[in-house]
Structure formats: C-alpha cells, structure tokens
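Enquirer: structure for the following, please:
(4 chains)
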Number of protein chains: 2
Amino acid sequence: MKSRVRKRLSAEERRAKILDAAVSAFARDGYESTKMDGIAARAGVTKPVLYDHFASKRALFLAVLESIRDGLIARGKAIARDDADPEQKFRRSIDAFLEFVELAPNAARVLLTVPAGDPVAAKLSREVQAGASAGIAVLLAELVPGGTSSWRLQGSTEFLKEGLHAVAVWWLDNPGPTREEITEVVLDVAWVGLRTKAGR
Amino acid sequence: MKSRVRKRLSAEERRAKILDAAVSAFARDGYESTKMDGIAARAGVTKPVLYDHFASKRALFLAVLESIRDGLIARGKAIARDDADPEQKFRRSIDAFLEFVELAPNAARVLLTVPAGDPVAAKLSREVQAGASAGIAVLLAELVPGGTSSWRLQGSTEFLKEGLHAVAVWWLDNPGPTREEITEVVLDVAWVGLRTKAGR
DNA sequence: GACACTACCTACTTCAAAGTAGGTTAGCAA
DNA sequence: TTGCTAACCTACTTTGAAGTAGGTAGTGTC
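Expert: Here you go, the predicted model:
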C-alpha cells in the first residue's frame, strides 16, 4: 500500500490550496455543515495539516472571508469614480456586484450566506458584508432625505441590500439570464418602481 | 430538598407551553444554537418531557413552523379580498405582513431566519416562507410581463420578498418607527422607485 | 551523504448536545 | 384505600465533529 506518491508542497502553496478548498466547501454546504475533514479531503491532505495552517475552523473561515473581501476591495475601486448621472451610478454599482457574483460564484455564496450557528463567525460575515455594501448606503444617502443615520435611510438600505443579495443567490441557482438582464430586473423594481407598470 | 412543588399539567397544556418556549428560544438563538435543554428549562420541565411530546428537535421545529403558518393563513384571508387599485393592494399586503411582525415578533423571527445547518429544517422553513409570500408573487404577476414562470417574475419576487424580510428584521432590531412609516419606506423604494428621488 | 527542517500522517482525546432507559409520583376513578 | 395511567424525573448512552499528540519521511543545505 505504499503506491501513493506523496506530493509535498511549500507552505504557501498548501495554504492556498486549503483556502481554495475551503471556499468551495463553505459555498456548497454553509459554515455549520462544512466539516474540517471534508475541507482536508478536498485539499488533498488530512485534518492536522489544516491546523498547521489555521488555528481553528473559525480562523479558517475568517481567512476565507478576508480573501473575499480583498478581492472585493480591488474590484470596488473601479466603481468609485464619480458619475454625474445617479442612474448610471446606480446601474454600475449593481452591475459591478453582479459581475463579482458571476466571476467568483463560490466566493459570492460564502459572502452572502451568514452562518447561523456560530455567533462569532456570523459577526465576521456581517462585517465583510457591511463593507461590501457600504457603497449602496452612500449612493442612497444622496437620494433619501433625513441624514445619514435616519431610519429611512437604514431601512431603504437594508431593503436594497438584501433584495440584491437574494436576486444574486437566485441567479446562482438559476443561471439562465445574463448579467445585463438581472441588472435590468433590479433596476426595474428599485429604480423605476413598480408603480409605472400598473396602468397608472 | 423536597420543597419544590411539582405542577402537573395536562398533555395539551404542557405541549402548548413547550411550543411557546420553543418559539422564544428559536427566535432568540436560531435553530442551530438552541439547545433542547434550554427549551425544556424555559418550559419548566426536563428534556425527556420534550421527547414525550415531540419525536426530535426537528419535529419540534416543524410543529413551531406549523403553528406560525396557521396563524399566517388566518391573517392572510383578510388580505385576499380583491381591490381594484393595485397600489392599495400592494400597500395592504405589505402592511398586513408588518402587522404580523409587530404582533408576533418571535414568530416572525423564526419564520424569517432559515436554519443554515440542518438541510431538512431549512427546507421546511423555506416551504412555510414560500406559502407566506405566495401573495407577493400573485401580486407581481399582474405587473411583470412574461408569464408566471418567467425569470423576470421570479427575480423580482425574490428581490421584493427578501427585501421586505430584511426590513422586517431590521425593524425588529430597531423598533423606533411605526408600522405605517416602515410601510412607507418599502413603498417608496419598490413602488414609487428611487428614480423619482433623483432630480429627474 | 548526512543533517535539519517541516510538511504530512495515523490514531487518539475531548466535548457538547441529541436522544433514551427505566424508575417515581401526581391525580383520577372505583 | 387501592390501583392504574401517564406526566415527570435522574442518570445514562450515543454520536459526530473539533482539535491534538507524537511520529514519519520528503527536500533543500552543507
């Protein structure tokens, strides 16, 4: 039974492979249902190796979230440049987010699924989400009256943010439509408003 | 140590108390983090008594969901009556849902928090949610072109449904505004549309 | 070619929480 | 009073997954 040829990677390579395996695993099963043994198997090693690189399951999850966040920050810079036209700004923000979902579906799933069981992990998750959707709040602040901390603004932000997240998840599960089409759906509801559809 | 006077309730009374304790417990901590011992303590009994009434944690959760659903069905009848004006219909639906949230906050929290860890429990949860939000889909079907099964309709429904859920949860955590005000926020975004706010 | 470093493994412990076996006693009925 | 039913208990087993102890063997360096 010595037929198995062990591949020995550098610490960095192995760490990258583990992170990669963890993203797919968390994306597939969610934080709670993902087992460390499962991640290890995907990464082609055994469990103790995981603990050589990450102190705990939570630490691994945190590292995954951080790598996702870093990717988002890089992407976010592209949207930041100011546009005079609010509609263009709005559309570009939605579209940029959906582009992230399209290009990194696993990362998107992890980002959009807040762990329910572990409060600490949930907090981390929400923090990264908050950073990612800060753009929406800024955008809305210009449109909603009442100052940055008004409940109107907060409520609207919550609605838009989670609505957008839900559409993204739905799109991941039903990958028929193109990104442009999904963007259009979101704009139709939130930007144009349903009122215009009702013969009035 | 015999000072404790045991209260002996009928099966139905005890069952009701357990269900009640379970709703608060699930609402507070979520499905995964809620312990059977904790529910038992809240209900004033010990764990085996729970298992005299419910076969498993899942079965108990299911019973809780069913009782919530029954409450919703009763309430739903009030909204069903047809209104000619789509805006009124829309507003009344949103408002009825928020009224449920206001009157039964624990039930609402349980309904709106899909368990992440247990796939079976998650499925149950989503089914009850789907029933509760079927009204939204019907309502949208009149406004969104393309037939009942079009991706436009599904995407819009998802957006509205989860947006509304998110606002409800946010409202539970930030109970400042009145129900009418929250309704107005939702209508402002989804019915009127943000476009009208941007000087155009 | 020998040494050292560390990636990697097998086989274990720990722990929390679900679920259970079996006995005890309240409360009703005759 | 005597007994039966079932609501309730204490104390246990089971399970499943996180985390660990301690050893083995590739790989670059001298």
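
Enquirer: can you pull the residues of chain A lying near DNA strand C?
Expert: Applying C-beta under 7 Å from any atom of the strand, we find that chain A lies next to DNA strand C at A:6-11, A:14, A:44-49, A:52. Yep, even glycine has a C-beta here, placed from its N, CA and C like the rest.

Enquirer: give me that answer again for 6 Å
Expert: Residues of chain A lying close to DNA strand C (C-beta under 6 Å from any atom of the strand) are A:Arg6, A:Arg8, A:Leu9, A:Ala11, A:Arg14, A:Val45, A:Thr46, A:Lys47, A:Pro48, A:Val49, A:Asp52.

Enquirer: what's the burial count for the nearest residue to A:Glu32 once chain neighbours are set aside?
Expert: Excluding the flanking residues, the one nearest A:Glu32 by C-beta to C-beta, 6 or more residues apart in numbering or on different chains is B:Gly117, at 3.6 Å. If you count neighbours by other C-beta atoms under 10 Å in any protein chain shown, B:Gly117 ends up with 20.

Enquirer: mind checking what secondary structure B:Gly117 has?
Expert: When states are read from DSSP: H, G, I helix; E, B strand; the rest coil, the local structure at B:Gly117 comes out as coil.

Enquirer: how close does it get to B:Val64?
Expert: With distances taken as C-beta to C-beta, to the nearest Å, B:Gly117 is found 16 Å from B:Val64.

Enquirer: how close does the residue of chain A found nearest chain B sit to B:Val167?
Expert: Nearest residue of chain A to chain B (C-beta to the nearest C-beta) works out as A:Gly193 at 2.2 Å. Taking C-beta to C-beta as the measure, A:Gly193 falls 16 Å from B:Val167.

Enquirer: tell me which parts of chain A are close to DNA strand D?
Expert: Residues of chain A found near DNA strand D (C-beta under 6 Å from any atom of the strand) are A:Arg6, A:Arg8, A:Lys35, A:Met36, A:Asp37, A:Lys47, A:Pro48, A:Tyr51, A:Ser56, A:Lys57.

Enquirer: circling back: who's more crowded, A:Gly193 and B:Val167?
Expert: Shown here are A:Gly193 and B:Val167; by other C-beta under 10 Å, B:Val167 has more neighbours (28 against 20).

Enquirer: who are the contact partners of the closest residue to the residue of chain A closest to chain B other than its chain neighbours?
Expert: For A:Gly193, ignoring the flanking residues on the chain, the nearest one in space by C-beta to C-beta, 6+ apart is B:Gly193 at 2.2 Å. Each residue near B:Gly193 by C-beta atoms under 8 Å, 6 or more residues apart in numbering or on different chains is listed here: A:Val189, A:Ala190, A:Trp191, A:Val192, A:Gly193, A:Leu194, A:Arg195, A:Thr196.

Enquirer: point to the residue nearest the middle of chain A.
Expert: Residue closest to the mean C-alpha point of chain A, counted by C-alpha atoms, centre = their mean, is A:Leu111 at 3.1 Å.

Enquirer: for that one, which non-adjacent residue is closest in space?
Expert: Per C-beta to C-beta, 6+ apart, closest to A:Leu111 is A:Ile68, 5.4 Å.

Enquirer: and the one you found, how far from A:Pro86?
Expert: Computed as C-beta to C-beta, the A:Ile68 to A:Pro86 distance reads 28 Å.

Enquirer: who has more neighbours out of the two?
Expert: More crowded of A:Ile68 and A:Pro86, by other C-beta under 10 Å: A:Ile68, with 21 against 18.

Enquirer: tell me which element the more buried one is part of?
Expert: With elements taken from DSSP states H and E, the one containing A:Ile68 is helix A:57-80.

Enquirer: buried ones in that helix, by neighbour count?
Expert: Going by neighbour count (16 or more other C-beta atoms under 10 Å in any protein chain shown), the buried part of helix A:57-80 is A:57, A:60-65, A:67-69, A:72, A:75-76, A:79.

Enquirer: what do you get for stretch A:166-186?
Expert: A:166-172, A:177, A:182-186.

Enquirer: endpoints of that stretch, how far apart?
Expert: This stretch, stretch A:166-186, spans 11 Å end to end (C-alpha to C-alpha, to the nearest Å).

Enquirer: which other residues reach that stretch?
Expert: Outside stretch A:166-186, the residues within contact range by C-beta under 8 Å, 6+ apart are A:91, A:94-95, A:97-99, A:101-102, A:105, A:108-109, A:112, A:163-164, B:151-152, B:154-156, B:158-159, B:161-163.

Enquirer: among the residues you listed, name the buried ones.
Expert: Buried members of the contacts of stretch A:166-186, scored by 16+ other C-beta under 10 Å, are A:91, A:94-95, A:97-98, A:101-102, A:105, A:108-109, A:112, A:163-164, B:151-152, B:154-156, B:158-159, B:161-163.

Enquirer: you'd agree the residue nearest to A:Leu111 is up against A:Pro105?
Expert: No - counting by C-beta atoms under 8 Å, A:Ile68 does not reach A:Pro105; the two are 11.8 Å apart.

Enquirer: gap between A:Leu72 and A:Gln129?
Expert: Distance from A:Leu72 to A:Gln129, by C-beta to C-beta: 10 Å.

Enquirer: got any residues that touch both of these two?
Expert: In contact with both A:Leu72 and A:Gln129: A:Leu111, using C-beta under 8 Å, 6+ apart.

Enquirer: circling back: just the buried subset of the residues of chain A next to DNA strand C, written out for PyMOL, thanks.
Expert: Typed into PyMOL, the line below selects the buried ones among the residues of chain A next to DNA strand C, using 16+ other C-beta under 10 Å:
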select buried, chain A and resi 14+45
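
Enquirer: report the lowest-confidence entry in the residues of chain A next to DNA strand C.
Expert: pLDDT across the residues of chain A next to DNA strand C is lowest for A:Arg6, at 57.

Enquirer: can you classify A:Leu143 as helix, strand or coil?
Expert: Secondary structure assignment for A:Leu143 (three-state DSSP): coil.

Enquirer: for chain A, what spans make up the strands?
Expert: For chain A, no strands turn up when DSSP state E is the criterion.

Enquirer: need the pLDDT of A:Ile126.
Expert: Actually, residue A:126 is Arg rather than Ile. pLDDT for A:Arg126: 94.
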